[in-house]
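>>> Here is a sequence together with a model predicted from it:
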Amino acid sequence: MRPLLHFLSFIFHSSGARRVLLQLYRASIIAALALLVHLHYQRVQIDNNSPVKLSEIQTFFPDATKLVPDTERMGIRIFDAKNKPLGFAVRTMPICSDIKGYSGPTDTMIVFDEARTVRGIGLRYSGDTLLHFRDVQKDRYFVNWWKGKSWDELAGMDLKKAGVEGVSGATLTSLCVARGIVFRLKHYNDELSAKADPPPVSRSWQDFGLFAALLGALAIAFTRLRGFIFLRAMWQIVLIGGVGFLNGQLLSVALFGGWASAGVAWRSAPALALLAGAALLVPWVSKKALYCQYFCPHGAAQEWVHRLAPRRFRVNLPSSIAAGLRWLPWFLLLAAIAITIFALPVDLAELEPFDAYLWRIAGWATISIAVAGLIAALFVPMAYCKFGCPTGAILEFIRARGPQDRFGFREIVALGLVAMTLWMYLDYERIRIWMG
């Protein structure tokens, strides 16, 4: 008993121990949110794994009238009204659930005729952002490329040698589809199943570019380089042009939601996974806001806009208004969790401006948020970062703050967010019925 009392006395009287416990509490909040979303995703996969409907098959076989389970290939057999076999179909999910694109796996249906030749593919649903998923669906060249190829041909295919390229603006999503098809057929091919390997780790130029940018951000954050104003300005231009418009792989609530559901896509996006880990771990242990201050292209763009704006534009918000606006990102986080759990028809990417840097495929909502954030930066420095960014709220919440760090109202709100998520998880069916 006495050792316990000594330990408790140390905790209550040691500021260092209190800070450690506070950081552990914050990490536990993030982990609890991710765990609840993941458990819900697993439950949905088990309870309702989106069985193939006859209407989907009739896109490829208009005469199809009956579907029968195909236990041999873990798919479905297709018959017409006279009970004549037309072909069969297999899905990449849930077998390929570990093959992820930007933020999650994609369920692809591959339809064969009786000669085991591909009649066509159907992209059914995806854990990636709706915008990227729809871009792949609409790319007729990519979708039609698979037609006419045999099961064995695809099962033994080397995608790189075959010249399979990603859809522009949705590279990770389209390559996820391609890898899923090959892995699914290879894994259940009679001749090659024993040789089936997990998908390879991506080594694209985007990965190397993102990794190089992460090293640059770390160098500036932890050395005297951050004191050189000209170098900092040039680095921001690199972030906006290179990381934003050219690479386009950025952290977002859509990414975190997808990874919380289906797991981290470290094979398809290893540099992005490393970036996410650094963005969470570095501020947790060092107080440095690595991603927000030294990596985010939209943050860099806001700094440039505010720097170039005439001084007469600058506005000092009343403290009461600023204090109220700071809670907007938390409401957006709650909305993002609800959208993810209840599979609402809202693209999480459109809650933030980051997809706007892929302007060729970006939706109007994300472009509007990006433009509004830059206009706001003319008047209030880093306005979007302070008052609108749910991703930034996560990264700022986890950040240590030194000797003055205390358990405050934000930590209570974060606990309330966990409680709301737990309620949605436990009372899912009743809430879904109430929502209609």
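Perfect, I can see it now. Keep in mind that this is a model prediction, so the values were computed, not measured.

>>> And the longest helix belonging to the chain, what's buried?
Counting by DSSP state H, the longest helix found in the chain is helix 15-47. By neighbour count with 16 or more other C-beta atoms under 10 Å, helix 15-47 contains the buried residues 19, 22-23, 26, 29-30, 32-34, 36-37, 40-41. C-beta: built from backbone N, CA, C; applies to glycine.

>>> next one: stretch 142-159
Those would be Phe142, Val143, Trp145, Trp146, Lys149, Trp151, Leu154, Ala155, Met157, Leu159, for stretch 142-159 by 16+ other C-beta under 10 Å.

>>> Do me a favour and average the pLDDT over that stretch.
When pLDDT is averaged over stretch 142-159, the result is 91.

>>> Ok, stretch 236-249 next?
Average pLDDT, stretch 236-249: 94.

>>> Give me the distance from it to the chain's centre.
Centre-to-centre, stretch 236-249 and its host chain are 18 Å apart (C-alpha atoms, centre = their mean, to the nearest Å).

>>> Next, the distance between the ends of that stretch.
16 Å (C-alpha to C-alpha, to the nearest Å).

>>> just stretch 214-231 next, same as before
End-to-end distance for stretch 214-231: 16 Å, by C-alpha to C-alpha.

>>> For it, what is the distance to the chain centroid?
27 Å.

>>> quick revisit: C-terminal to the longest helix of the chain, what's the next element?
Downstream of helix 15-47, the first helix or strand assigned by DSSP states H and E is helix 54-57.

>>> Give the other helices and strands that that following helix contacts.
Judged by 3 or more C-beta pairs under 8 Å, 6 or more residues apart in numbering; DSSP states H and E, helix 54-57 is in contact with strand 64-70.

>>> Tell me the neighbouring strands of the strand it packs on, and mark each as parallel or antiparallel.
strand 75-80 (antiparallel) (DSSP bridges).

>>> What residues sit buried inside the strand it pairs with?
For strand 75-80, by 16+ other C-beta under 10 Å, it's Gly75, Ile76, Arg77, Ile78, Phe79.

>>> May I have the helix or strand hosting Gly324 exported as PDB, CA atoms only?
Using DSSP H and E, Gly324 sits in helix 319-325. In PDB, the C-alpha atoms belonging to helix 319-325 read as follows (Å, rounded to 0.1, in the frame of the first residue of the first chain):
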ATOM      1  CA  SER A 319     -11.700  37.300 -28.600                       C
ATOM      2  CA  SER A 320     -15.300  36.000 -28.000                       C
ATOM      3  CA  ILE A 321     -15.800  35.400 -31.800                       C
ATOM      4  CA  ALA A 322     -12.300  33.800 -32.100                       C
ATOM      5  CA  ALA A 323     -13.000  31.500 -29.100                       C
ATOM      6  CA  GLY A 324     -16.200  30.300 -30.600                       C
ATOM      7  CA  LEU A 325     -14.800  29.700 -34.100                       C
END
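
>>> Give the buried residues for that helix.
Buried residues in helix 319-325, counted by 16+ other C-beta under 10 Å: none are found.

>>> A helix includes Met157, no?
No. Using DSSP: H, G, I helix; E, B strand; the rest coil, the assignment for Met157 is coil, not a helix.

>>> Wait, it touches Val182, no?
Yes. With contact defined as C-beta atoms under 8 Å, Met157 reaches Val182; the gap is 5.4 Å.
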